[in-house]
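K.L.:
Fold the following for me, if possible:
(2 chains)
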Amino acid sequence: DAMVIQNPRYQVTQFGKPVTLSCSQTLNHNVMYWYQQKSSQAPKLLFHYYDKDFNNEADTPDNFQSRRPNTSFCFLDIRSPGLGDAAMYLCATSTSPEGSNEKLFFGSGTQLSVL
Amino acid sequence: DAKTTQPNSMESNEEEPVHLPCNHSTISGTDYIHWYRQLPSQGPEYVIHGLTSNVNNRMASLAIAEDRKSSTLILHRATLRDAAVYYCILRGTSGTYKYIFGTGTRLKVLA
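P.N.:
Down below sits the predicted model:
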């Protein structure tokens, strides 16, 4: 059973048209992450939530926003997508990070195309 | 954030052991060493992690140098399904709670 679920698997949007990607989890984990992965590159962390505490990476463009209305759901909003935002967007979760057994659980990703 | 360095690519024959190295010379005393792998068109998946001692699980073994400045992921018998990009990541236990991926090693398994 999928534990970190990302919908849709493929998303097409138009240049400049706002788009929202969604992520849900059944693990009840405290921390949720969003990564951007461009072709043949490593995943790049955009931001993460520790419970309701939002942490933005310094180099994440202002065009990218996130919402976490409850423990289970997290959204990635791209306000005005550009061609350079076409990528795989990966959502991940982890338990409270102070523990020794903490690890990441990833969804299958949403492949975003910008036309 | 502490950095990791891995070879860009490696090859292995099927059913032979594979040793994937990772250098992390700036590791701090509380950083855990994590390994993830990413199969084509999938999200990364957890492989193994450790702090100081060597670790084994059903997927792999992790050998950690005594000074902790390097580690090696060991796949005991590579299969074609092990062809993936393998990422070595340092994970701190205080401050910001995040995983920063390095460039990873693309493993090719030859039949």
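K.L.:
pLDDT score for residue B:94?
P.N.:
On pLDDT, residue B:94 comes in at 64.
K.L.:
correct me, but residue A:37 touches residue A:91?
P.N.:
No: between residue A:37 and residue A:91 there is no contact under CB atoms under 8 Å: 11.5 Å. Quick note: C-beta positions are derived from backbone N, CA and C, even for glycine.
K.L.:
who has more neighbours, the two?
P.N.:
For the pair residue A:37 and residue A:91, the greater number of neighbours falls to residue A:91 (26 against 19), based on other CB atoms under 10 Å in any protein chain shown.
K.L.:
In contact with the more buried one, which residues are there?
P.N.:
Residues near residue A:91 by CB atoms under 8 Å, 6 or more residues apart in numbering or on different chains: A:4, A:6, A:21, A:23, A:32-35, A:74, A:76, A:106-107, A:109.
K.L.:
which residues are in contact with both of residue A:37 and residue A:91?
P.N.:
Each of residue A:109 lies in contact with both residue A:37 and residue A:91 under the rule CB under 8 Å, 6+ apart.
K.L.:
how many other residues sit next to residue A:101?
P.N.:
A count of nearby residues for residue A:101, using other CB under 10 Å, gives 7.
K.L.:
returning to what we had before: now intersect the contacts of residue A:91 with the strands, please.
P.N.:
Among the contacts of residue A:91, the residues falling in strands (DSSP state E) are A:4, A:6, A:21, A:23, A:32, A:33, A:34, A:35, A:74, A:76, A:106.
K.L.:
Please name the bridge partners of the second one.
P.N.:
I take that to be residue A:6. residue A:23 (DSSP bridges).
K.L.:
How about stretch A:27-43 and chain B, touching?
P.N.:
Yes: Stretch A:27-43 comes into contact with chain B (CB under 8 Å from any CB of the partner chain), by way of A:31, A:33, A:35, A:42, A:43.
K.L.:
and that stretch, what's its mean pLDDT?
P.N.:
When pLDDT is averaged along stretch A:27-43, the result is 94.
K.L.:
mind listing what's buried in that stretch?
P.N.:
Neighbour counts over stretch A:27-43 (16 or more other CB atoms under 10 Å in any protein chain shown) mark A:29, A:30, A:31, A:32, A:33, A:34, A:35, A:36, A:37, A:42, A:43 as buried.
K.L.:
Repeat that for stretch A:101-115.
P.N.:
Buried residues in stretch A:101-115, defined by neighbour count with 16+ other CB under 10 Å: A:102, A:103, A:104, A:105, A:106, A:107, A:108, A:109, A:110, A:111, A:112, A:114.
K.L.:
Could you work out the most separated pair of the buried residues of stretch A:27-43?
P.N.:
Spanning the widest gap among the buried residues of stretch A:27-43 are A:30 and A:42, at 24.4 Å by CB to CB.
K.L.:
re earlier: export the buried residues of stretch A:27-43 to JSON lines and tack on distance to residue A:64?
P.N.:
Shown next, in JSON lines, are the buried residues of stretch A:27-43 (distance: CB to CB, whole Å):
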{"residue": "A:29", "distance to residue A:64": "22"}
{"residue": "A:30", "distance to residue A:64": "22"}
{"residue": "A:31", "distance to residue A:64": "18"}
{"residue": "A:32", "distance to residue A:64": "15"}
{"residue": "A:33", "distance to residue A:64": "13"}
{"residue": "A:34", "distance to residue A:64": "8"}
{"residue": "A:35", "distance to residue A:64": "11"}
{"residue": "A:36", "distance to residue A:64": "8"}
{"residue": "A:37", "distance to residue A:64": "14"}
{"residue": "A:42", "distance to residue A:64": "18"}
{"residue": "A:43", "distance to residue A:64": "14"}
